[in-house]
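K.L.:
pasting the structure only:
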């Protein structure tokens, strides 16, 4: 048997799944651009052609996906390149899942769990779009893998690598900034104790990148911030729905009306408008704001993948596949979100006095679900990033019970 037979099989299966999806839905031949995708492409253009930050998308994504601009290629090459980066990150995530699980299960069972990851429809389909989810999951799993190894052997170098990657994710998804601060605060004593060690340079490097992004934003647009996307997202989604409930309006119509309004202002003014609207709604529309927040979480937890951007061949068979895939992705989202909440709470209660990597995975899952309440109308894009982490928590619970049963006297 080859030493890496399971890993080789995972790479082959991953490529086969992508080829199958492409054949079923003809995704690579449609040139359909997801609404947010052009923002990410534009961020790459800003970085490599003008050396300036994008107003909504930090340079983390631009640095990776905008590389074709550095080599003199055009827009189409960026989209083609993003596909291969996404697929590589997606397969690499499966390999990390296998590596994580084989420490707790026999290789054959760890392999099955990794293949189950390929069976998650939305994370597989998102590879065909220039979006953050695939690279973000890979980075988060890399951070959690280093963190897991840190708890096993207590090497500060591993902790530093985990924290550095975690900080960098804020340059992919700005919403991760506060989660990164939370984890940094937890490990602050260990960081201060090893501050003089060369390994702490990993953390400092990521912090420098983050600060550089904020300085450039201040210079270019006027505010010392990672991005202006947070205020706009609140205003257009959570704020719009809360106001729609208040005025008995259609939420979608409210989104269109309010987005047309806020996009007419400069980016610093957008931030001010969003902040004032949030203060107003907290003080004068609290019940509807709370109702809108929780309805957003429910919406994000009960949606399937967005198949409106899939133009499958106009045949009865292809339409049947598309309909069932959409329905199945919805069931996957509901099941894994509910399971994720249950497992996260379970592990936080079990590890409250002595945190482990499961504690941080649990907090991450709950954090993503909580943050998803700020937005909606995004299908399952918010929650799909927690799916692989729910799988590994399920593995951890199973392996723990398996270990207990083996230790019980017969």
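P.N.:
Received, thanks. This one's a predicted model, so the numbers in the text were calculated from it and none came from an experiment. Numbering: from 1, shown residues only.
K.L.:
for the nearest residue to residue 346 once chain neighbours are set aside, give its distance to residue 354.
P.N.:
Excluding the flanking residues, the one nearest residue 346 by C-beta to C-beta, 6 or more residues apart in numbering is residue 397, at 7.1 Å. C-beta coordinates here come from the backbone N, C-alpha and C atoms, glycine included. Residue 397 sits 17 Å away from residue 354, going by C-beta to C-beta, to the nearest Å.
K.L.:
now do residue 230
P.N.:
From residue 230 to residue 354 the distance is 34 Å (C-beta to C-beta).
K.L.:
more neighbours: which of the two?
P.N.:
It is residue 230, of residue 230 and residue 354, that has more neighbours when counted by other C-beta atoms under 10 Å, with 17 against 8.
K.L.:
the more buried one reaches residue 173, doesn't it?
P.N.:
No - between residue 230 and residue 173 there is no contact under C-beta atoms under 8 Å: 10.8 Å.
K.L.:
could you work out the end-to-end span of stretch 219-234 for me?
P.N.:
Distance across stretch 219-234, first residue to last, is 24 Å (C-alpha to C-alpha, to the nearest Å).
K.L.:
what does that stretch contact?
P.N.:
With contact meaning C-beta atoms under 8 Å, 6 or more residues apart in numbering, stretch 219-234 is reached by 52-53, 55-58, 170-171, 174-175, 177, 210, 213-215, 217-218, 262, 266-268, 270-271, 273-275, 277-278, 374-375.
K.L.:
now a PyMOL select for only the buried ones of the residues you listed.
P.N.:
The PyMOL command for the buried members of the contacts of stretch 219-234 (criterion: 16 or more other C-beta atoms under 10 Å) is given here:
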select buried, resi 53+55+56+57+58+170+171+174+175+177+210+213+214+217+262+267+270+271+273+274+277+278+374+375
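K.L.:
check the gap between residue 52 and residue 349 for me.
P.N.:
Taking C-beta to C-beta, one finds residue 52 at 47 Å from residue 349.
K.L.:
correction: residue 165
P.N.:
Taking C-beta to C-beta, one finds residue 165 at 27 Å from residue 349.
K.L.:
repeat that for residue 237.
P.N.:
32 Å.
K.L.:
those two: which is more packed in?
P.N.:
residue 237 (23 against 9).
K.L.:
test for you: state the pLDDT assigned to the more buried one.
P.N.:
On pLDDT, residue 237 comes in at 95.
K.L.:
could you do residue 319 as well?
P.N.:
The model's pLDDT for residue 319 equals 75.
K.L.:
kindly report the same for residue 26.
P.N.:
Taking residue 26 on its own, its pLDDT is 74.
K.L.:
could you measure from it over to residue 319?
P.N.:
13 Å.
K.L.:
over to residue 20?
P.N.:
Residue 20 is 17 Å from residue 319, by C-beta to C-beta.
K.L.:
please apply the same query to residue 189.
P.N.:
Taking C-beta to C-beta, one finds residue 189 at 58 Å from residue 319.
K.L.:
compare neighbour counts for these two and give me the winner.
P.N.:
The neighbour count for residue 189 versus residue 319, taken as other C-beta under 10 Å, is higher for residue 319 (12 against 9).
K.L.:
just checking, what packs against the helix or strand where that one lies?
P.N.:
Here residue 319 sits within helix 316-350, counting by DSSP states H and E. On a contact count with 3 or more C-beta pairs under 8 Å, 6 or more residues apart in numbering; DSSP states H and E, helix 316-350 meets helix 5-25, helix 121-125, helix 286-302, helix 357-371, helix 387-407.
K.L.:
how big is the angle separating the first one from helix 316-350?
P.N.:
Pointing back at helix 5-25 there. 140 degrees (axes from the mean of the first three to the mean of the last three C-alpha atoms, to 10 degrees).
K.L.:
ok, residues contacting whichever helix or strand comes after helix 5-25?
P.N.:
Using DSSP H and E, the helix or strand that follows helix 5-25 in sequence is helix 37-50. In this structure, residues lying in contact with helix 37-50 by C-beta under 8 Å, 6+ apart are 52-54, 56-59, 61-63, 65-67, 69-70, 75, 78-79, 82, 129-132.
K.L.:
kindly write the PyMOL command that selects the buried subset of these.
P.N.:
Entered in PyMOL, the line below selects the buried ones among the contacts of helix 37-50, by 16+ other C-beta under 10 Å:
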select buried, resi 53+54+56+57+58+59+61+62+63+65+66+67+69+78+79+82+129+130+131+132
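K.L.:
among the contacts of helix 37-50, which lie within helices?
P.N.:
59, 61, 62, 63, 65, 67, 69, 70, 75, 78, 79, 82 (DSSP state H).
K.L.:
which residues touch the closest residue in space to residue 140 that isn't next to it in sequence?
P.N.:
Spatially, and ignoring its direct neighbours in sequence, residue 140 is nearest to residue 169 (6.3 Å; C-beta to C-beta, 6+ apart). Residue 169 sits next to 60, 136, 139, 140, 143, 176, 180 when contact means C-beta under 8 Å, 6+ apart.
K.L.:
next: residue 200.
P.N.:
Neighbours of residue 200 in contact, by C-beta under 8 Å, 6+ apart: 156, 160, 191, 194.
K.L.:
determine the three-state secondary structure at it.
P.N.:
The assignment at residue 200 comes out as helix when based on DSSP: H, G, I helix; E, B strand; the rest coil.
K.L.:
ok, residue 10 to residue 3 distance?
P.N.:
14 Å.
K.L.:
again but with residue 255, I slipped
P.N.:
53 Å.
K.L.:
so between these two, which is more surrounded?
P.N.:
residue 255 (19 against 7).
K.L.:
which residues does the residue lying closest to the more buried one once chain neighbours are set aside contact?
P.N.:
Nearest non-adjacent residue to residue 255, counting by C-beta to C-beta, 6+ apart: residue 240, 4.7 Å away. Residues counted as contacts of residue 240 (C-beta under 8 Å, 6+ apart) are 251, 254, 255, 257, 258, 259.
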